[in-house]
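Chemist: Got a sequence here, can you model it:
(one chain, ligands or ions: 1)
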Amino acid sequence: MGPAPPSPARRGSAGTARDAQPPAWVAAAAEAKGFMPPAEGMALHLAALEVLGRLGGPVLEVGTYCGKSAIYLGAAAALGGSVLYSVDHHRGSEELQAGWPDHDPEVVDPLTGLVDTLPFARRAIAGAGLEEHVVLVVGSSATVAGHWAGALSMLFIDGGHGARVAEADFAGWVPKVALGGALAVHDVFADPSEGGQVPYELYTAVLRSGEFEEVGREGSLRLARRVVPGDGAAKVWV
Ligand SMILES: C[S@@+](CC[C@H](N)C(=O)[O-])C[C@H]1O[C@@H](n2cnc3c(N)ncnc32)[C@H](O)[C@@H]1O
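Modeler: Residues are numbered from 1 along each chain as shown. So this is what the prediction gives:
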């Protein structure tokens, strides 16, 4: 199963522009719980399509939550004949726990009292028709990265925003981006009054490595491309 095929109008045959319907995944992305504004989601989608057209190979995101960004990336993977691996322990970051502004009591499992976003993510991905193109990987990002051997055509980092977790994402995943591959980071705010600084520090460390060049911005999303091979990026955090 994949995203709905384009309507006749979108294929440029008998239909008119008025007949054109957005594919079903667009509505599914809008409905999913999460933290990805539509313009940033579409920027992610287009970046993934672009890199899949050049390189192929898997896309990986850190931070599934309830599947919102996974729909944008998964739809690109479906169109590009690839797959998205979406990694999350589904227990929520520190800032998603009870007492924090972004906490959502609906995602607490009543049996355990713990955050469990996995059922929401599964439902969202199935509702978008993307189960064949989005593989949900349940586990700590550092653990999965430590056992992950293959190169990535695109990496999207939107996991824990604490320094220790982000540093592990940086060290564990950034070296796996293929030459010419894409790296996207969310919640990058240069101004501390707009948001926490850890994703900004991660992103600036990526650029400082000299291995990546910025290729796009949308809201708090930053997009870069690997221009130099190597794993030196892991050495330049601070
Ligand atoms: C900001 S949310 C992701 C939002 C999502 N990308 C969206 O589109 O709505 C961050 C997610 O990262 C996950 N996370 C935080 N630390 C993690 C870690 N060390 N390993 C795996 N997942 C982690 C949390 O469980 C949470 O679901």
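Chemist: hey, where'd the strands end up in the chain?
Modeler: 59-62, 84-88, 134-138, 152-157, 177-185, 212-218, 221-226 (DSSP state E).
Chemist: quick one, the longest one and strand 152-157 angle?
Modeler: For the pair strand 177-185 and strand 152-157, the angle between their directions (axes from the mean of the first three to the mean of the last three CA atoms, to 10 degrees) equals 30 degrees.
Chemist: ok, now the third one?
Modeler: Between the direction of strand 134-138 and that of strand 152-157, the angle (the same axes, to 10 degrees) works out to 50 degrees.
Chemist: now check strand 134-138, is it near the ligand?
Modeler: No. Applying CB under 6 Å from any ligand atom, one finds strand 134-138 separated from the ligand by no less than 8.8 Å. Heads up, the C-betas are built off the backbone N, CA and C, glycines and all.
Chemist: before we move on, back to that, mean neighbour count, the strands of the chain: which tops it?
Modeler: Ranked by mean neighbour count under mean count of other CB atoms under 10 Å, the strands of the chain are led by strand 59-62, which reaches a mean of 28.
Chemist: Just checking: what are the partner strands of that strand?
Modeler: Note on strand 59-62: by DSSP bridges, its sheet partners are strand 84-88 (parallel), strand 152-157 (parallel).
Chemist: and of those strands, who's closest to residue 34?
Modeler: The minimum distance between residue 34 and the strands paired with strand 59-62 falls on strand 84-88, with 11.5 Å, by CB to CB.
Chemist: Give the rounded mean pLDDT of that closest one.
Modeler: Mean per-residue pLDDT for strand 84-88: 98.
Chemist: Tell me how far that strand lies from the chain's centre.
Modeler: In terms of CA atoms, centre = their mean, to the nearest Å, the centre of strand 84-88 is found 8 Å from the chain centre.
Chemist: Could you confirm whether that strand reaches the ligand?
Modeler: Yes. Applying CB under 6 Å from any ligand atom, one finds strand 84-88 touching the ligand at 87, 88.
Chemist: Could I have the CA atoms of that strand written out in CSV?
Modeler: Only the C-alpha atoms of strand 84-88 are listed here, as CSV (Å, rounded to 0.1, in the frame of the first residue of the first chain):
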residue,chain,number,x,y,z
LEU,A,84,11.4,5.3,6.3
TYR,A,85,12.7,3.9,9.6
SER,A,86,11.2,5.9,12.4
VAL,A,87,13.0,5.4,15.8
ASP,A,88,11.4,6.2,19.2
